[in-house]
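**Student:** From the sequence below, what's the structure:
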Amino acid sequence: MARRTRDRQPLLPALSQHVNDKWHRLRELLDEAQKVDLGEEFTALGALWLCTSTKDQRHERPPVHAINRVTGELVKVSREENLAFWQWAVIETLRLAGSRAEELTELSHLSFRNHQPWNGVRRR
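**Tutor:** Numbering: from 1, shown residues only. Have a look, this model is predicted:
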């Protein structure tokens with residue numbers, strides 16, 4: 001396992017840069033899509049897009065979709081931006097903390113401070 005880690009270590013900056021760039025591109029696309037009304041065109045990432053959405057009653061704001069007017073590609077922008085953020089957050093947490101994936105799954109607010117029950121009684 002240590003050898004695999006050493007073999008992959010030189011690739012970490014490239015991975016970190018890739019997820020960072022992806023998240024920022026999708027953030028820019030989402031920001032521009034949210035500035036226009038549904039059915040309007042906008043320009044982002046050097047392309048022309050059409051802002052669309054679905055009527056989703058479960059959300060206060062419907063998810064943002066955009067269609068690339070040149071390629072016809074439909075991008076579920078709000079969903080993709082959210083996924084890209086969490087990819088970036090996980091990789092940066094692992095990279096900066098020097099932790100392993102198993103340790104990442106154990107992170108919680110309890111990891112950082114002692115839990116105080118509402119009645120003030122501590123269990124041991």
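**Student:** any weak-confidence spans in the chain?
**Tutor:** Within the chain, the set of residues satisfying pLDDT under 70 comprises 54-59, 108-117, 120-124.
**Student:** Quick check: longest helix in it by residues?
**Tutor:** helix 12-34 (DSSP state H).
**Student:** could you point out which element follows it?
**Tutor:** Remark: after helix 12-34, the chain's next helix or strand is strand 41-44, criterion DSSP states H and E.
**Student:** In that following strand, which residues are buried?
**Tutor:** By 16 or more other CB atoms under 10 Å, the buried positions in strand 41-44 come out as 42, 44. Any C-beta I mention is one placed from the backbone N, CA and C, and that applies to glycine too.
**Student:** what's that strand packed up against?
**Tutor:** On a contact count with 3 or more CB pairs under 8 Å, 6 or more residues apart in numbering; DSSP states H and E, strand 41-44 meets helix 12-34, strand 47-53.
**Student:** Of these, which is nearest residue 84?
**Tutor:** Shortest distance between residue 84 and the helices and strands packed on strand 41-44, using CB to CB, is found for helix 12-34: 4.1 Å.
**Student:** angle of that closest one against strand 47-53?
**Tutor:** Counting by axes from the mean of the first three to the mean of the last three CA atoms, to 10 degrees, helix 12-34 lies at 70 degrees to strand 47-53.
**Student:** contacting residues around helix 12-34?
**Tutor:** Contact partners of helix 12-34, identified using CB atoms under 8 Å, 6 or more residues apart in numbering, comprise 42-45, 49, 51, 64, 66, 75, 77-78, 80-81, 84-85, 87-88, 91-92, 95.
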